[in-house]
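[1] Let's see this in three dimensions:
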Amino acid sequence: MSTTHPRPTRARSALLHLNDWPLGLKVQTLSIGVAVALALGLSTIAYLTASDALQAQAESSLRADGLLTVKGVDAWNAAQL
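    Numbering: from 1, shown residues only. Presented below is the predicted three-dimensional model:
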C-alpha cells in the first residue's frame, strides 16, 4: 500500500517564495518577528532581574529575623542567669 502525498497547492507554494511577497507583507512579517524577539528578550531579562532581587530580599529578611531571634534568646538567657 503506497501512500501518496498531496502536492502543494499553488497558494502554499507561493508562501515559500519570499521574493514573490509584496513589500508590505515583508515589512509586516519582519516587524512581527522583531517584536516577538524583543518581547521574549525583555521578558527574560526582567524575570532574571526580579529573581535576583527577590533572592537578595529573602536572604536579607532571613538574616534580620535570625538576628532578632538571637537577641531574644540572649536576652532570655541573661534574665534567667
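
[2] Going by C-alpha atoms from here, please, whenever you check contacts or count neighbours.
    Noted.

[3] Regarding P22, what are the backbone dihedral angles?
    When quoted as degrees, to the nearest 10, the phi and psi of P22 stand at phi -70, psi 150.

[4] Run a quick neighbour tally on it.
    9 (other C-alpha atoms under 10 Å).

[5] now the helices for the protein?
    With helices called from DSSP state H, the chain shows them at 10-16, 23-80.

[6] what's the most buried one of these?
    helix 23-80 (a mean of 12; mean count of other C-alpha atoms under 10 Å).

[7] Make TSV from the helices of the chain and add mean pLDDT to it.
    TSV is the format used below for the helices of the chain (pLDDT from 0 to 100):
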stretch	mean pLDDT
helix 10-16	66
helix 23-80	95
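
[8] What score does S2 have for pLDDT?
    For S2, the model assigns a pLDDT of 58.

[9] and if you look at R7?
    On pLDDT, R7 comes in at 66.

[10] Contact partners for T44?
    By C-alpha atoms under 8 Å, 6 or more residues apart in numbering, no residues touch T44.

[11] roughly how far apart are it and L23?
    32 Å (C-alpha to C-alpha, to the nearest Å).
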